[in-house]
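J.: how would this look folded up:
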Amino acid sequence: MTDGTRVLEPANVEELLRGWLLHAHKGRDRHDVAARRYEGRRSAFGWPTIALSALVGTAVFASVGRQVALWAQVVVGFLSAAATVLSALQTYFDYSGRAERHRTAGAKYKAIIRELEELLAQAKSSTIGDHASLDALRQQLDALEQEAPVVPPADYDEVERRYADVTFVGEALALYR
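T.: Predicted coordinates:
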């Protein structure tokens, strides 16, 4: 290929499993990065929303039965509107739900990684699993790809850069050390 794209062309079942293992590690990492990013965004919207709501509530409670200057009313009104907008954005973007869906996808990739590692460990002592077990594993990977949420491009690219020079699964595993 002229565009630099590398395609997995396994010579045997062990190479196929190593390719799947690398793919599963990348999938897990992508979803882990996305989950962390969405969790950070949830906090970035959540804490200011809580603080502004508390401030507005305190100011309104403190002003009950008192004559308050116009500028103070404007400031409290602005803070109230800001808290409402932040709360609405947090609900609309559903960062906590997105983070959870990516965590779930990452956990499913991790389960497949363990299964692949088990099959590769068996290969060192005997023959690798039969065609039915490989087919079942492929179906699991296919189903996970279909149900997993889309990883944002920046998160996807970050993981691709991390794996750009990885040619062996041993090198991929070293990224976790």
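
J.: From here on, just use CA atoms for contacts and neighbour counts.
T.: Fine.

J.: I figured Leu52 hits Ser80, correct?
T.: Yes: the criterion here is Cα atoms under 8 Å, and Leu52 meets it with Ser80 at 7.0 Å.

J.: what about the nearest residue to Asp29 once chain neighbours are set aside, which SS state?
T.: In this structure, Asp29 finds its nearest non-sequential neighbour in Val159, 6.6 Å apart by Cα to Cα, 6 or more residues apart in numbering. Three-state call for Val159 (DSSP: H, G, I helix; E, B strand; the rest coil): helix.

J.: quick one: contacts for Leu116?
T.: Applying Cα atoms under 8 Å, 6 or more residues apart in numbering to Leu116 gives the contacts Leu17, Arg18, Trp20, Leu21.

J.: and the second one, how many residues sit next to it?
T.: To tie it back to what came earlier, the one meant is Arg18. If you count neighbours by other Cα atoms under 10 Å, Arg18 ends up with 20.

J.: Packing partners of the longest helix anywhere in the chain?
T.: Ranked by residue count, the top helix of the chain under DSSP state H comes out as helix 13-63. Counting contacts by 3 or more Cα pairs under 8 Å, 6 or more residues apart in numbering; DSSP states H and E, helix 13-63 packs against helix 70-93, helix 95-125, helix 153-162, helix 169-174.

J.: tell me the mean pLDDT for the helix or strand in which Gln139 is found?
T.: Per DSSP states H and E: Gln139 is located in helix 131-147. The average pLDDT within helix 131-147 is 86.

J.: what do you get for stretch 14-30?
T.: For stretch 14-30, mean pLDDT rounds to 90.

J.: again, but for stretch 40-47
T.: Mean predicted lDDT for stretch 40-47 stands at 92.

J.: How far does that stretch sit from its chain's centre?
T.: Its chain's C-alpha centre lies 16 Å from the corresponding centre of stretch 40-47 when counted by Cα atoms, centre = their mean, to the nearest Å.

J.: what's next to it, contact-wise?
T.: Looking at stretch 40-47 with Cα under 8 Å, 6+ apart, the contacting residues turn out to be Leu86, Ser87, Leu89, Gln90, Tyr95, Ser96.

J.: List the residues that contact the third one.
T.: When contacts are counted by Cα under 8 Å, 6+ apart, Leu89 touches Phe45.
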